[in-house]
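Enquirer: what follows is a protein structure lacking sequence information:
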């Protein structure tokens, strides 16, 4: 390949970028000024249907301006790359501030609070830059649609998808409902809570929690050194697993063999541990310990509500068991709609279910009670704008695929 | 295989790459040396592929959760980009940068060993886990290569030895990287909807992913504006710094206190 070949045309660089930069900075400064004057109160997106009307008006204005005044220098400037690029940089800069400064409550008289830097994504500067960006993106989109050419499909899909996802995602954020429904085993509830205000809301269905269940990873051995207050582990901090037949070795200290392991057991009236399928059982392991030339058998447990954790001395150390981390947790529920319709479902993380426009998620449980929790937290989400945003996402991905294909073809030709 | 064996594996890979690179000197004049050199270069990467596979089996989950694990993938994949670039554009120098970067990341993992932990929190047990992380990793690898190439071109330009082929390579690496970055971002949003209830929450990691995406979107618009490719080499060189913040730096920012991505620390 010849190194003299021109892969990209050289041309103007900073030319034409000064005015767009001033334009973007002005929008940001104006937004910051509004925040300053209103003590950082931010912007609230109106609810349905006002946000929808706004979107329609915005779309119509962009389409009309784009098509009717296409030849006007101001309009072609507004829809051009320099303005788009300046606004992209503006968005990136504002996002950068939002990505560095914690986006939560700040002291009311602090600079971050007065300029709403702690709530960047609902601030006036962000709204101004986004609105102008939507205008710019929208104009370029309209110009590629009319007249339509197949060669512009990649541009249309990518830019149109981004426009739809951005506009509908931001305008629809006010209609998004995210509620938390606490459920207790054996009880039915239709009371949800808005977070973080904890304001109760009645949802148009009720959920009965039959059972909440947690699967845990297998417990791990812990050889505790009281002199250092640490658990002894090798370089990779790998703690041996407690499984029947497993053998763990701490060189120079002890070796331990698991003779028997019961994932869930409770003591009977004689103090013997017997398997238990109920909620009260604890993980128990019977182990043979070989240390200082002696061999002896003991049992250890990580404990639970009915039984305390049991550690056994091994020389100057103590051998115990650490509960495994949660692997999966799920709620066996029965949902009843307003019309009396009933559905039995299993709610699990990453496997939400749909019920009359609501998505129900397994969110959490009583972490203090761990696997003995009888309480389950379900999140109920209603996002009427989701189909539009997803439409945008899929258009972006389709445009992206075409871009990849075109890029590879160009690369081959280069 | 656990992390106890990792230092030996890392040293073996670096030794293979080092030897392979040294053998490139006599390989200029001898086809036999060229073959042996490539055997060593590829062996270095194969050692890591083998380690990754056996580590995956030992962990009983994809080794894609912690930053250390992503560095391991990165160290495995980035030399492959260097090798493919040499195959595609006959540009030899990129692979040395890539090997250097890979050795650097292996070194970090040797000095700061990861914790061997099989547990994978329920939110990560998703069909989106592997596509989201792998697509991002490959994007990062390509964009790192474009950044390295960008810096190399900046140096070439200083020495008045401009190579438009090399500039073209930086561009296409960035273009492919951007395509994958976009997929990674959208996959992440779709996964977030299934796992956390909403596709976008301006979580610090999401915000930085958006910033890095905008940075490369800006680059592509500068290209569309027919900006001088010599200036764009600076841009590509610097843009990767934003990605580095997104990848490693976010955890150290004040905004990261409440991030849902803290598992990747």
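Expert: Nice, thanks for sending it over. Every value quoted in this text rests on a predicted model; they were computed, and no experiment measured them.
Enquirer: surely residue A:202 is in a helix?
Expert: No. Using DSSP: H, G, I helix; E, B strand; the rest coil, the secondary structure at residue A:202 is strand, not a helix.
Enquirer: what's near enough to touch residue A:364?
Expert: A:376-377 (Cβ atoms under 8 Å, 6 or more residues apart in numbering or on different chains). (Each C-beta comes from the backbone N, C-alpha and C, glycine too.)
Enquirer: and the average pLDDT for the strand or helix carrying it is what?
Expert: Using DSSP states H and E, the element containing residue A:364 is strand A:358-365. The predicted model assigns strand A:358-365 a mean pLDDT of 95.
Enquirer: give me the sheet partners of that strand and which way each runs.
Expert: strand A:353-355 (antiparallel), strand A:375-382 (antiparallel) (DSSP bridges).
Enquirer: most packed of the ones you listed?
Expert: strand A:375-382 (a mean of 20; mean count of other Cβ atoms under 10 Å in any protein chain shown).
Enquirer: can you mark which positions in the worst-scoring helix or strand of chain B on mean pLDDT are buried?
Expert: One helix or strand of chain B scores below all others by mean pLDDT, DSSP states H and E: helix B:67-89, with a mean of 91. Residues of helix B:67-89 classed as buried: B:67-83, B:85-86, B:89 (neighbour count, 16 or more other Cβ atoms under 10 Å in any protein chain shown).
Enquirer: which other helices and strands contact it?
Expert: Here helix B:67-89 touches helix B:31-59, helix B:93-111, helix B:129-158, helix B:164-196, going by 3 or more Cβ pairs under 8 Å, 6 or more residues apart in numbering or on different chains; DSSP states H and E.
Enquirer: so for residue A:372, which of these sits nearest?
Expert: Residue A:372 lies closest to helix B:164-196 among the helices and strands packed on helix B:67-89, at 24.8 Å (Cβ to Cβ).
Enquirer: what about residue 105, neighbour count?
Expert: Using chain A here. Each residue near residue A:105 was counted by other Cβ atoms under 10 Å in any protein chain shown, and the total is 9.
Enquirer: oops, chain B please
Expert: For residue B:105, the neighbour count with other Cβ under 10 Å is 20.
Enquirer: touching, it and residue B:70? I think so.
Expert: No. Counting by Cβ atoms under 8 Å, residue B:105 stays clear of residue B:70, with 9.3 Å between them.
Enquirer: re the thing from before, angle of the least confident helix or strand of chain B against helix B:31-59?
Expert: Here helix B:67-89 runs at an angle of 150 degrees relative to helix B:31-59 (axes from the mean of the first three to the mean of the last three Cα atoms, to 10 degrees).
Enquirer: lowest confidence element among the helices and strands of chain A?
Expert: strand A:273-275 (a mean of 82).
Enquirer: what is the helix or strand following that one packed up against?
Expert: Following strand A:273-275 in sequence order, the next helix or strand is strand A:282-291 (DSSP H and E). On a contact count with 3+ Cβ pairs under 8 Å, 6+ apart, strand A:282-291 meets strand A:254-267, strand A:294-301, strand A:312-314, strand A:317-322.
Enquirer: checking residue B:63 next. Helix, strand or coil?
Expert: Judged by three-state DSSP, the three-state class of residue B:63 is coil.
Enquirer: now do the contacts for the closest residue to residue B:95 other than its chain neighbours.
Expert: Once flanking residues are discounted, residue B:95 sits nearest to residue B:82: 3.2 Å by Cβ to Cβ, 6 or more residues apart in numbering or on different chains. When contacts are counted by Cβ under 8 Å, 6+ apart, residue B:82 touches B:94-99, B:145.
Enquirer: ok, now residue A:94?
Expert: Contacts of residue A:94 (Cβ under 8 Å, 6+ apart): A:28, A:120, A:123, A:125-126, A:129.
Enquirer: so what's it closest to, chain neighbours aside?
Expert: Using Cβ to Cβ, 6+ apart, the nearest residue to residue A:94 is residue A:126, at 5.2 Å.
Enquirer: tell me how far that neighbour lies from chain B.
Expert: 10 Å (Cβ to the nearest Cβ, to the nearest Å).
Enquirer: now that residue: which helix or strand?
Expert: Going by DSSP H and E, residue A:126 is in helix A:124-145.
Enquirer: then residue A:207?
Expert: Using DSSP H and E, residue A:207 falls in strand A:199-216.
Enquirer: any bit of that strand sitting next to chain B?
Expert: No. Judged by Cβ under 8 Å from any Cβ of the partner chain, strand A:199-216 stays clear of chain B, getting no closer than 9.2 Å.
Enquirer: mind listing what's buried along that strand?
Expert: A:203, A:205-209, A:212-214, A:216.
Enquirer: how about these in TSV, adding pLDDT?
Expert: Converted to TSV, the buried residues of strand A:199-216 look like this (pLDDT from 0 to 100):
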residue	pLDDT
A:203	95
A:205	96
A:206	96
A:207	97
A:208	98
A:209	97
A:212	95
A:213	93
A:214	92
A:216	90
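Enquirer: quick one: which of these is nearest residue B:134?
Expert: Distances from residue B:134 to these, taken by Cβ to Cβ, are shortest for residue A:216, at 27.9 Å.
Enquirer: which other residues reach the least confident helix or strand of chain A?
Expert: A:262, A:264-268, A:281, A:284, A:299.
Enquirer: show me which of those are buried.
Expert: A:262, A:264-266, A:281, A:284, A:299.
Enquirer: pLDDT check: weakest of these?
Expert: Out of these, that is residue A:266, at 81.
Enquirer: can you list the helices and strands packed on helix B:67-89 in a markdown table and add mean pLDDT?
Expert: What follows is the helices and strands packed on helix B:67-89, written out as a markdown table (pLDDT from 0 to 100):
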| stretch | mean pLDDT |
| --- | --- |
| helix B:31-59 | 95 |
| helix B:93-111 | 93 |
| helix B:129-158 | 95 |
| helix B:164-196 | 95 |
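Enquirer: closest one to residue A:365 among these?
Expert: Closest to residue A:365 of those is helix B:164-196 (Cβ to Cβ; 16.0 Å).
Enquirer: okay, the angle between that closest one and helix B:67-89?
Expert: 150 degrees.
Enquirer: that older thread, just say which of the helices and strands packed on strand A:282-291 is most tucked in.
Expert: With a mean of 21, the top stretch among the helices and strands packed on strand A:282-291 by mean neighbour count (mean count of other Cβ under 10 Å) is strand A:317-322.
Enquirer: quick one: strands adjacent to that strand?
Expert: strand A:220-225 (antiparallel), strand A:312-314 (antiparallel).
Enquirer: and residue 195, how many neighbours does it have?
Expert: By default, I'm working from chain A. 11.
Enquirer: wrong one, chain B
Expert: So residue B:195, with other Cβ under 10 Å, has 21 neighbours.
Enquirer: give the contact list for it.
Expert: Residue B:195 touches A:349-350, B:123, B:126, B:128, counting by Cβ under 8 Å, 6+ apart.
Enquirer: same thing but at 10 Å, please
Expert: A:349-352, A:361, B:122-126, B:128-129, B:260 (Cβ atoms under 10 Å, 6 or more residues apart in numbering or on different chains).
Enquirer: distance of it from residue B:56?
Expert: 22 Å (Cβ to Cβ, to the nearest Å).
Enquirer: hey, what's residue A:328 bridged with?
Expert: Bridge pairing for residue A:328 - DSSP bridges - gives residue A:215.
Enquirer: just the one 5 residues further on next, same as before
Expert: Applying DSSP bridges to residue A:333 gives these bridge partners: residue A:209, residue A:345.
Enquirer: go ahead and confirm it touches residue A:361.
Expert: No. Using Cβ atoms under 10 Å, residue A:333 is not in contact with residue A:361; the gap is 11.8 Å.
Enquirer: between those two, who's got more neighbours?
Expert: Neighbours were counted for residue A:333 and for residue A:361 using other Cβ under 10 Å; residue A:361 has more, 27 against 24.
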